[in-house]
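Participant: With the input below, show me the fold.
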Amino acid sequence: MPDFSFAHYEFIDDGIIEITAHEGAELDISEAEECLSLYQKHQSIGVLVNRKHKYTSSLEFNMTVAEAPEVFAFAILVESERAAMVAESQKLFFKNPFKIFFNRDSAMAWLREQRNTAH
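Facilitator: Numbers count the residues shown, from 1 in each chain. Model (predicted):
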């Protein structure tokens, strides 16, 4: 898998990328800029955020990635109710479709559906 400085990422389907932050990563504006530089290479991209590791993200990080025009949807994959609550609190920043999932297959199906309606 390719790497950001703070995470692994992998293109798992046409126009869909999965990002898994490293355990304990701290995401701020420089990490957001890494994401944007990758997103900008694509006309349209769906993002599956795999939150299997614990990490922190700043307000600036969330606000910056939330405004990426290339992203048609964000699916957030969580493993606990607590992680779902954290993700839910971040949803306010995102204008594009943003949905929380406990199941990876469901998240992928939703992203594919969003991709098909975005084009």
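
Participant: what does the longest helix belonging to the chain rub up against?
Facilitator: Scanning the chain for the longest helix, with DSSP state H as the assignment, gives helix 104-118. If you take CB atoms under 8 Å, 6 or more residues apart in numbering as the criterion, helix 104-118 is touched by 12-16, 44, 46, 48, 50, 72-73, 75-77, 97, 99, 101. No exception for glycine: its C-beta is placed from N, CA and C like everyone else's.

Participant: Then stretch 36-46?
Facilitator: Here stretch 36-46 has contacts from 4, 9, 15-17, 64-65, 68, 70-75, 111-112, 114-115, 118-119, using CB under 8 Å, 6+ apart.

Participant: Report the rounded mean pLDDT for it.
Facilitator: In this model, stretch 36-46 has an average pLDDT of 94.

Participant: From the contact counts, what lies against the helix or strand H8 falls within?
Facilitator: Assigning secondary structure by DSSP states H and E places H8 in strand 7-13. With contacts defined as 3 or more CB pairs under 8 Å, 6 or more residues apart in numbering; DSSP states H and E, strand 7-13 has these neighbours: strand 16-21, helix 104-118.

Participant: and the contacts of helix 104-118, which are buried?
Facilitator: With burial judged by 16 or more other CB atoms under 10 Å, the buried subset of those is 15-16, 46, 48, 50, 72-73, 75-77, 97, 99, 101.
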